[in-house]
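Got a predicted structure here, sequence first:
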Amino acid sequence: MRNKTSKKVEKIALTVITLAILVNPVLGAGNPERGAEIYKQCLACHSLEPKLHLTGPSLAGIFDRKAGTAPGFLRYSNALKNADVVWNTKSLDAWLRNPRDFLPNNLMSFEGISEPQVRQDLIAFLKVANSDSSSMTSQRVPLTDLKTTTPQQRVTAIRHCADTYFVTLGSGNTYPFWEFNLRFKTDSSKYGPYEGKPAILRASMRGDRAFVIFSTPEEISLFIKEQC
């Protein structure tokens, strides 16, 4: 009697498992389409274009690559550079769960993803993106191409007087900025401005703060004139 009952339970359990597999053959597996939506939150810091590094390194070619070795990225923490870690599904899952626990003293400000399914979806997307160049192109970070600026974005002159920068644009208009509200940056990537043609981007809704982007650091001091 006991054997018959046991066999009946096993048969029911097997049926349930079989139905579950038929209904959802990838139960718990990553979904790259959902992962693509999640990755949009990563775009500000990580591109998928080879050698296009932002705040963080490009994730192109990340699978089977040793941590801290993305070609051309110079801002790795010592913790990552010295880590004996190769990026794969398992190590990426642990890193995405909690970067600080996985590798203490790294510079990643991201706190992690607690939901296992969300991590698997993101990893599934990265696998697809790294195996399909068209996916990588469509998921590029939406950088502003500073070589194609409008006259209102093109800086033709900057003069400094006391605590104020006066910025003249290609449109002919000149705008005053309190010196603390005007930030100078460089962009040496292919999206950066042409040499000698810096661009200005608004940095606040009110328009009282802005970034002026140059092609090289040397241009900054040469471009700004001290004149009252």
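Looks like it came in fine.

first to last residue in stretch 102-122, what's the distance?
18 Å (Cα to Cα, to the nearest Å).

mean confidence score for it?
In this model, stretch 102-122 has an average pLDDT of 93.

Okay, buried residues for that stretch please.
102, 103, 106, 108, 113, 118, 119, 120, 121, 122 (16 or more other Cβ atoms under 10 Å). Heads up, the C-betas are built off the backbone N, CA and C, glycines and all.

same check, this time on stretch 63-78
Under 16+ other Cβ under 10 Å, the buried positions of stretch 63-78 are 65, 67, 68, 70, 76.

what does stretch 187-207 give?
Residues of stretch 187-207 classed as buried: 187, 189, 192, 193, 197, 198, 199, 200 (neighbour count, 16+ other Cβ under 10 Å).

Which residue is the nearest non-sequential neighbour of the first one?
Nearest-residue entry for residue 187: residue 213, 5.1 Å, with adjacent residues in sequence omitted and distances by Cβ to Cβ, 6 or more residues apart in numbering.

Next one: that neighbour, what pLDDT does it get?
Looking at residue 213, its pLDDT stands at 95.

give me the number of residues near it?
By the criterion of other Cβ atoms under 10 Å, residue 213 has 22 neighbours.

Please enumerate residues in contact with stretch 145-153?
By Cβ atoms under 8 Å, 6 or more residues apart in numbering, the residues outside stretch 145-153 that reach it are 169-171, 173, 187, 191-194, 199-201, 213.

what's the following helix or strand after the helix or strand of the chain with the lowest mean pLDDT?
The least trusted helix or strand in the chain, going by mean pLDDT, DSSP states H and E, turns out to be helix 2-23, with a mean of 41. Next in sequence after helix 2-23, counting helices and strands by DSSP states H and E, comes helix 32-39.

Would you mark the buried spots in that following helix?
32, 34, 35, 36, 38, 39.

Centre of the chain to that helix, how far?
14 Å (Cα atoms, centre = their mean, to the nearest Å).

Which strands or helices does it pack on?
helix 116-131 (3 or more Cβ pairs under 8 Å, 6 or more residues apart in numbering; DSSP states H and E).

The helix it packs on - contacts with which helices or strands?
Under the contact definition 3+ Cβ pairs under 8 Å, 6+ apart, helix 116-131 sits against helix 32-39, helix 89-97, helix 133-138.
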